[in-house]
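> missing the sequence, but the structure's below:
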């Protein structure tokens, strides 16, 4: 990215253009309503309002003003072309005013979240703040380009020696700002190139490592394949001898199994005879056990009938108690639900009332400011009356 040609041409056209001018800074007074608010410049504390700060015309600043119980205001401040009594100057305004919004207490009406941005714009308009909130190199370049365009306007060309001197000082300050931005752009571009080169080197290194790993994997695969082929050949060579030995061993195992089977058949015959004898004894014992079980079953039936009758009575009593409990719980749940609905409705009504009050407050401020501005433009009030009423409106806004 390069600076606009109009800015470079402006700098080149100056006689003795130099960024080492003895005066490239402005003293700015920072005020606020209410006063005694802490002022921070680029994050560093520089005092409490009202206070004076020295700003370099080649730089952009972020200024924050805050006080306990009020919302902190933050804005970006950059140098620009300004019409003054002496002529066109490039730099910062003499005074920067902040009006702080009080943090609402619990229960007080507040600006709805969706209207907060618009409300803050109105506050800045009331303060006469038209500073562009955007930041970064692009915004700074746009601001310098706009200032260069304004200073080339024939309407602002110097007509007196004093105005010419002021105009030339403004051109030098603008050229210094352009040179500073050019330096920042070159630095950003150099950093980006270095970062890209570093990333490219990292990618190339990773690629080489991957190539080496792939080559090693191919070597290991070839070695494993050769080893597997050798094992297969050895296995084929020894398979015939092993088959003969395995057949001989199988025949021997079959003979042993046949002998064991004959011995098992003999044992099975003896076991069958013993089982027959045991079966006769078991039948006699089973008959005696059946008689005993019949007697026990009769006794158990009598006990079961008594138990079932008692359980039926207990179940009936439990059912009646459960029904009574369910009815009581249903009534309690219905009452609780009705109470919750009443509470929810009350909360909803309260939130709606707060939202209406907040919108009304924001609308009232906007309407009063617009009415005051209309009266000033229609010249129904003097500038002094306009300033007094605007100050009163700002004071009311800060409460």
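Perfect, thanks for sending it. Quick caveat, the model's predicted, so the values are computed rather than measured.

> pull the number of nearby residues for residue 314.
Neighbours of residue 314 under the rule other CB atoms under 10 Å: 9. For every residue, glycine as well, the C-beta is placed using N, CA and C.

> where do the helices of the stretch 101-250 of the chain begin and end?
116-126, 137-151, 161-378 (DSSP state H, counting those that start in this stretch).

> right, so these: which one is the most enclosed?
Comparing the helices of the stretch 101-250 of the chain by mean neighbour count (mean count of other CB atoms under 10 Å), helix 137-151 comes out on top with a mean of 18.

> re the thing from before, can you check which of the helices of the stretch 101-250 of the chain gets nearest to residue 29?
Nearest to residue 29, of all the helices of the stretch 101-250 of the chain, is helix 116-126, at 18.1 Å by CB to CB.

> I'd like the average pLDDT over the closest one.
The average pLDDT within helix 116-126 is 68.

> closest one to residue 55 among the helices of the stretch 101-250 of the chain?
Here helix 161-378 is closest among the helices of the stretch 101-250 of the chain (CB to CB), at 11.5 Å.

> just checking, what packs against the closest one?
Packing partners of helix 161-378 (3 or more CB pairs under 8 Å, 6 or more residues apart in numbering; DSSP states H and E): helix 5-12, strand 80-84, strand 87-91, helix 116-126, helix 137-151, helix 383-398.

> try 10 Å
If you count contacts as 3 or more CB pairs under 10 Å, 6 or more residues apart in numbering; DSSP states H and E, helix 161-378 packs onto helix 5-12, strand 51-56, strand 80-84, strand 87-91, helix 116-126, helix 137-151, helix 383-398.

> that one vs strand 80-84, what angle?
Inter-element angle recorded for helix 161-378 and strand 80-84: 80 degrees (by axes from the mean of the first three to the mean of the last three CA atoms, to 10 degrees).

> can you list the helices of the stretch 101-250 of the chain in a markdown table and add distance to residue 99?
Formatted as a markdown table, those follow (distance: least, CB to CB, whole Å):
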| stretch | distance to residue 99 |
| --- | --- |
| helix 116-126 | 6 |
| helix 137-151 | 24 |
| helix 161-378 | 11 |
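
> residue 90: which of these is closest?
Checking the helices of the stretch 101-250 of the chain against residue 90 by CB to CB gives helix 161-378 as the closest, at 4.1 Å.

> what's the average pLDDT for that closest one?
Averaged across helix 161-378, pLDDT comes to 80.

> tell me the spacing between residue 234 and residue 227.
Using CB to CB, to the nearest Å, we find residue 234 at a distance of 11 Å from residue 227.

> next: residue 388.
Remark: distance between residue 388 and residue 227 (CB to CB) = 101 Å.

> also residue 351?
79 Å.

> who are the contact partners of residue 326?
Shown in contact with residue 326 (CB atoms under 10 Å, 6 or more residues apart in numbering): no residues.
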